[in-house]
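Novice: Sequence first, predicted model second:
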Amino acid sequence: MQAKKRYLILFSAGASLILLFCFGGIQVPLSRRGPGRRDDQSLTGYHPGARWRRLQGYLKAFSTWEKDHDFHEHISPRQKRDSNSGLYTGRRCRMESCFDVSLCERNGFKVYVYPQQKGEKLSESYQNILSSIEGSRFYTPDPAQACLFVLSLDTLDRDQLSPQYVHNLKAKIQSLPLWNEGRNHIIFNLYSGTWPDYTEDLGFDIGFAMLAKASISTENFRPNFDVSIPLFSKDHPGQEGKGVF
């Protein structure tokens, strides 16, 4: 029993020495020729809690760094969608505020399709959309007569991993002389975002344009302005094998 008590006393003393050493109660001189502990205290105003406060400062600095440099950079789809809720200039648009009805009153409801730009490829589905419009009685080849404008740039697939993704779309759209910040335009879209965070980011600001989109969220859908369309698989056959549309 006495041996156990001695071991317990030695263990307690050793643990106390370690704690005192870590938290500033004991300092080990770096050199025997340097100033003694008493001299060092008188020169630096040393007191036992000084090293612990310095350690606290390091911990606070690390805590701030950890907050600024989040190790978990992955954002959930909903968080990403919420962060994109203000992505579009006209996210509060309605027909009475962002659509110039006077163009329709002057010439009737006429739809203008931009001529296809050289070197730009269109998916079969988007080509079917444009062909349907051009074959309707609402189509006009004269932009001065138009009430609604449709891009010839393919905006259906905005997944950056897709082979049908159109690059530099933002610059191409903004360079169009009739764009006018998207007023009286309609944008068609089926797929947006990229794995793993499929969001509604199209990679460009649609401005004041209407959006005809599949799987549009209730947060971003603008009532009496946007159009919600069903989502089709890219391999879904259409009538007579002509694609989705």
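Specialist: Right, received. Where do you want to start? Residues are numbered from 1 along each chain as shown.

Novice: Can you show me the strands along the protein?
Specialist: Counting by DSSP state E, one finds strands in the chain at the ranges 111-113, 148-150, 157-158, 185-189, 191-192, 210-214, 227-229.

Novice: what does the second one rub up against?
Specialist: The contact list for strand 148-150, computed with C-beta atoms under 8 Å, 6 or more residues apart in numbering, reads 104, 109-114, 129-130, 133, 143, 178, 184-186, 188. C-betas here are computed from N, CA, C, even on glycine.

Novice: I'd like to know which of the strands of the chain is closest to Gly203.
Specialist: Nearest of the strands of the chain to Gly203, taken as C-beta to C-beta: strand 157-158 at 5.6 Å.

Novice: avg pLDDT for that closest one?
Specialist: For strand 157-158, mean pLDDT is 90.

Novice: measure the closest residue to Gln174 other than its chain neighbours to Leu176 for me?
Specialist: Using C-beta to C-beta, 6 or more residues apart in numbering and skipping residues adjacent in sequence, the residue nearest Gln174 is Phe204, 7.9 Å away. Computed with C-beta to C-beta, to the nearest Å, the distance linking Phe204 and Leu176 is 12 Å.

Novice: my guess is the residue nearest to Gln174 contacts Leu169, does it?
Specialist: Yes - Phe204 lies in contact with Leu169 (C-beta atoms under 8 Å); the separation is 5.3 Å.

Novice: if we can go back for a sec, out of the strands of the chain, which is closest to Gly90?
Specialist: strand 210-214 (9.3 Å).
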